[in-house]
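Q: Quick one, fold the following:
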Amino acid sequence: MLVDNLDSLYEFERDFDELLTDVAGEERQMKPVVGIDCEWKPENYYSSTGDRRKKKRVGKRQRLLRFLKRFMGGSEPLDPPVKKTKNKKKKKKGGSSNPVLVLQISTKDKAWIIDFQNLARQSTTGSGTGAFLLGTPLTATEQVLNRVLGMVLQSDEVLKVGLGPATDLKRLSWSYPFLPALSQYRAVLDLQALAKAAHPGVSGRSIEGLNKLCLHQLNRGIDKSMQCSDWSNRPLSTEQLKYASLDAHVLTILYESLLGTLREERERERERERERDKEHESPKRKKAPSLSSVVQGLTVGFKVDIDKIGSLAAASLEASKEAPETPTASGTTTAPVVALRSTPMTQFSMKKWSLYK
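A: Numbers count the residues shown, from 1 in each chain. I've put the predicted structure just below:
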């Protein structure tokens with residue numbers, strides 16, 4: 001279900017309220033589970049393969065022209081030779097300063113795709129944080145959005161599972177710090193930590209990432225090609241909507257499957273302990289914690305320092321004002337828009353705590 005206006009927001013609120021009501025009327029040891037995931041536009045997005053090749057050709061042409069200028073006796077000095085180092089850090093792929101545009105929330109039966117680009121105000125530059133909106137009154141749509149998000153993300157009654165959810169939630173808070181509901185997250189579980197507990201003898205790299213974990217746990221991979229599509233285009237394509245729904249829905253399937261694997265692993269461990277006790281008559285060991293206790297031990301909460309985001313964004317904005325103007329292709333000069341991009345996000349952190357200790 002696409003949530004991109006007030007009517008769909010109210011419908012989502014009713015659906016989730018029914019979920020909480022059903023849970024309250026039942027006696028369960030385990031919380032109801034929803035999968036959460038975020039999407040944003042990649043930093044170096046190309047609309048086609050031709051654009052990528054064109055940029056490479058332009059770069060090669062510019063390097064060739066600089067070489068010919070030096071060769072023909074130009075005044076431009078030769079670049080000093082660059083020494084190759086073995087321990088050179090590789091640039092991380094997928095890094096982006098663009099804001100979250102889509103938030104996916106899914107149960108076993110239904111998925112909601114929350115379109116932040118249509119529901120909340122965006123940065124004037126089209127990228128970066130919305131810290132410049134801190135202290136401004138929320139619009140009518142944002143007030144409903146904030147209430148709905150608080151009901152989901154700040155609830156102890158619903159377990160939110162994801163793959164590296166701290167990264168997504170940090171970017172979500174950085175993108176829309178003016179929404180109070182994004183200042184704190186409760187009952188969050190990283191499936192990567194649960195997978196390590198369920199597969200203690202398996203290398204972490206073999207189950208790192210959603211596709212590898214699905215292959216190992218479900219014997220079936222998941223197509224991640226749409227992750228690098230342009231999530232700022234509206235309307236979202238049918239392929240993007242299908243991908244967004246599946247990406248969050250498979251998290252709930254993985255959670256149940258990992259719980260089953262963890263249950264089997266614990267039974268095998270108990271059986272080995274009973275065999276050792278019979279052979280060596282060892283003293284009684286402490287009773288192993290229950291499955292729900294293991295999940296609770298891995299469940300955490302996050303608190304965001306919104307003031308830190310605002311101060312870092314303000315410092316970045318001042319730096320952009322003091323920076324010299326740069327020439328454009330048309331010959332005019334414009335002040336650089338450094339404002340509110342990647343630097344503030346990399347410098348602020350979220351405080352994590354355990355909810356059950």
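Q: now the strands: where do they sit in the protein?
A: 2-3, 33-40, 100-106, 111-115, 159-162, 184-190, 300-304, 326-327, 333-334, 350-354 (DSSP state E).
Q: least reliable of those going by mean pLDDT?
A: Note on the strands of the chain: lowest mean pLDDT is at strand 333-334, with a mean of 42.
Q: Would you mind checking which helix or strand in this structure has the lowest mean pLDDT?
A: strand 333-334 (a mean of 42; mean pLDDT, DSSP states H and E).
Q: Which one of the strands of the chain lies nearest to Ser232?
A: Closest to Ser232 of those, according to C-beta to C-beta: strand 100-106, at 6.1 Å. The way it works is simple: take the backbone N, C-alpha and C, and place the C-beta from them, glycine included.
Q: what's next to the closest one, contact-wise?
A: Under the criterion C-beta atoms under 8 Å, 6 or more residues apart in numbering, residues 34-41, 111-117, 152, 168, 171-172, 175-176, 231-232, 236, 244-245, 247-249, 251-252 lie in contact with strand 100-106.
Q: go again using 6 Å as the cut-off
A: Where contact means C-beta atoms under 6 Å, 6 or more residues apart in numbering, the residues beyond strand 100-106 that reach it are 34-40, 112-114, 116-117, 171-172, 175, 231, 244, 248-249.
Q: same check, this time on stretch 174-185
A: Against stretch 174-185 from outside (C-beta under 6 Å, 6+ apart): 99-100, 120, 129-131, 133-134, 146, 149-150, 153-154, 169, 172-173, 302-304, 306, 309, 345.
Q: repeat that for 7 Å
A: Stretch 174-185 is contacted from outside by 99-100, 116, 120, 129-131, 133-134, 136, 142, 146, 149-150, 153-154, 169, 172-173, 301-304, 306, 309-310, 344-345, using C-beta atoms under 7 Å, 6 or more residues apart in numbering.
Q: Report the backbone C-alpha coordinates of that stretch in CSV.
A: Taking Å, rounded to 0.1, in the frame of the first residue of the first chain, the C-alpha atoms of stretch 174-185 are listed here in CSV:
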residue,chain,number,x,y,z
TRP,A,174,19.2,13.3,9.8
SER,A,175,16.8,13.8,6.8
TYR,A,176,13.8,15.0,8.9
PRO,A,177,15.0,16.2,12.3
PHE,A,178,12.1,18.6,12.6
LEU,A,179,9.7,15.6,13.1
PRO,A,180,9.7,14.8,16.9
ALA,A,181,8.8,11.2,16.3
LEU,A,182,12.2,10.6,14.8
SER,A,183,14.2,11.6,17.9
GLN,A,184,13.9,8.2,19.5
TYR,A,185,13.4,4.6,18.4
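Q: could I get the strands of the chain as a markdown table with mean neighbour count and distance to Met72?
A: Output for those, formatted as a markdown table (neighbours: other C-beta atoms under 10 Å; distance: least, C-beta to C-beta, whole Å):
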| stretch | mean neighbour count | distance to Met72 |
| --- | --- | --- |
| strand 2-3 | 21 | 59 |
| strand 33-40 | 24 | 46 |
| strand 100-106 | 24 | 49 |
| strand 111-115 | 23 | 55 |
| strand 159-162 | 23 | 58 |
| strand 184-190 | 21 | 59 |
| strand 300-304 | 18 | 57 |
| strand 326-327 | 9 | 25 |
| strand 333-334 | 10 | 30 |
| strand 350-354 | 12 | 56 |
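Q: For Arg268, find the nearest of these.
A: That would be strand 184-190 among the strands of the chain, by C-beta to C-beta, at 23.2 Å.
Q: List the neighbouring strands of that closest one plus their orientation.
A: Paired strands of strand 184-190, with direction, are strand 159-162 (parallel), strand 300-304 (antiparallel) (DSSP bridges).
Q: Export those as JSON lines, with columns for distance to Leu2.
A: Below are these laid out as JSON lines (distance: least, C-beta to C-beta, whole Å):
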{"stretch": "strand 159-162", "distance to Leu2": "20"}
{"stretch": "strand 300-304", "distance to Leu2": "27"}
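Q: Quick check: which ranges of the stretch 101-250 of the chain have low pLDDT?
A: Low-confidence segments of the stretch 101-250 of the chain (pLDDT under 70): 124-127.
Q: actually the stretch 251-357 of the chain, sorry about that
A: The stretch 251-357 of the chain contains residues with pLDDT under 70 at 277-289, 316-350, 352-357.
Q: neighbours of Arg14, just the number please.
A: Neighbours of Arg14 under the rule other C-beta atoms under 10 Å: 10.
Q: Over to Asn211?
A: For Asn211, using other C-beta under 10 Å, the count is 13.
Q: Gly221 is in contact with that one, correct?
A: Yes - Asn211 lies in contact with Gly221 (C-beta atoms under 7 Å); the separation is 5.1 Å.
Q: still on that earlier bit, could you dump the strands of the chain to JSON lines with distance to Glu265?
A: What follows is the strands of the chain, written out as JSON lines (distance: least, C-beta to C-beta, whole Å):
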{"stretch": "strand 2-3", "distance to Glu265": "38"}
{"stretch": "strand 33-40", "distance to Glu265": "20"}
{"stretch": "strand 100-106", "distance to Glu265": "26"}
{"stretch": "strand 111-115", "distance to Glu265": "30"}
{"stretch": "strand 159-162", "distance to Glu265": "19"}
{"stretch": "strand 184-190", "distance to Glu265": "18"}
{"stretch": "strand 300-304", "distance to Glu265": "22"}
{"stretch": "strand 326-327", "distance to Glu265": "58"}
{"stretch": "strand 333-334", "distance to Glu265": "60"}
{"stretch": "strand 350-354", "distance to Glu265": "22"}
